[in-house]
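Enquirer: sequence plus the predicted model coming up.
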Amino acid sequence: MATATEPEPKLRGDSAVDPKDASRGPKVRAMFAGIARRYDLLNRIISGGRDQAWRRRTVKMAQLKGTEGVLDVCCGTGDLALMFARHGASRVVASDFTPEMLVLAAAKAAKAGVKLPLLAADALNLPFADAGFDVVSVGYGVRNFQDIDAGLRELARVLKPGGRLAILECTPARGLIGRFANWYINRMVPWLGNKLTGSNDRAYSYLADSIQLFPDAEALKQRLQQAGFTDVRYRKLNLGTMAVHVGTRKV
Ligand SMILES: C[S@@+](CC[C@H](N)C(=O)[O-])C[C@H]1O[C@@H](n2cnc3c(N)ncnc32)[C@H](O)[C@@H]1O
């Protein structure tokens, strides 16, 4: 949301889904279904091979202890969930509302020999009891929520009091780096998306527009506090174009 001192973000306007549409859930699902097969390849290419390092950083900041159970929401093809499983989580469950993504996550978990229960579920209406998980994670998912605040409250609901939420997300960047990041995400990424996924380049226009509309790192911190999290901290990554937020569910 732009303030009096900030100009309204300039959007491409040709994205597959209108990121301002509060009922965009089914369209977001259809868009991810369309790019699922090439999703991992595009991630590696557009991040310059860094995306797994950012997921590792997210796991590290979640500070897993002993025998904790993790829920990875918006798991996509399973990279963050598998990262938690490899780094000491005793039990990881993953959910996403796009079946095409879950099929790929299941294949990846089987290949890695990791037991990963997968569920088709909307992050805003999770089929889990209150206070069931020690850690909840979301990688590049919160930006897609139809209602960010309702989604954060739902994540808080399924966390045990004292449990941690870890969010890895793109964040709007400012200044010179912001100008370069905007050029890259607005011009290069849709072009690469077009080359590699054919007709689905507009999904990568959605990426650009949804980042522009997403709260910056400080604003997301405040939204997390409003949703029932304390000790919220964040670390910016990739020259400030990405951030990991961690917060503790109030006891
Ligand atoms: C950009 S991908 C991220 C996948 C994965 N977490 C990663 O780190 O690569 C976003 C995923 O969120 C899912 N998603 C978006 N909105 C959702 C919602 N409201 N409920 C559940 N899944 C959602 C999409 O289906 C997609 O698989």
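Expert: Received it, and whenever you're ready, just let me know what you need. Residues are numbered from 1 along each chain as shown.

Enquirer: give me the neighbour count for L168.
Expert: Neighbours of L168 under the rule other CB atoms under 10 Å: 23. Yep, even glycine has a C-beta here, placed from its N, CA and C like the rest.

Enquirer: can you tell me the SS state at it?
Expert: Three-state call for L168 (DSSP: H, G, I helix; E, B strand; the rest coil): strand.

Enquirer: hmm, it is touching G139, no?
Expert: Yes. Assessed by CB atoms under 8 Å, L168 is found in contact with G139 at 4.5 Å.

Enquirer: anything in contact with each of those two?
Expert: Listed contacts common to L168 and G139 are R55, T58, L80; contacts here mean CB atoms under 8 Å, 6 or more residues apart in numbering.

Enquirer: between these, which is closest to the ligand?
Expert: Checking the shared contacts of L168 and G139 against the ligand by CB to the nearest ligand atom gives L80 as the nearest, at 4.5 Å.

Enquirer: that closest one - nearest residue in space that isn't next to it in sequence?
Expert: Leaving aside its chain neighbours, L80 sits nearest to G139 (4.0 Å; criterion: CB to CB, 6 or more residues apart in numbering).

Enquirer: check L220 too.
Expert: Closest to L220 by CB to CB, 6+ apart is H245, at 5.9 Å.

Enquirer: for the one you found, grab the count of nearby residues.
Expert: Count around H245 with other CB under 10 Å applied: 24.

Enquirer: residues from the stretch 101-250 of the chain in reach of the ligand?
Expert: Contacts of the stretch 101-250 of the chain with the ligand, taken as CB under 6 Å from any ligand atom, map to M101, D122, A123, L124, G139, Y140, G141, N144, F145.

Enquirer: before I go, just wanted to say thanks for your time.
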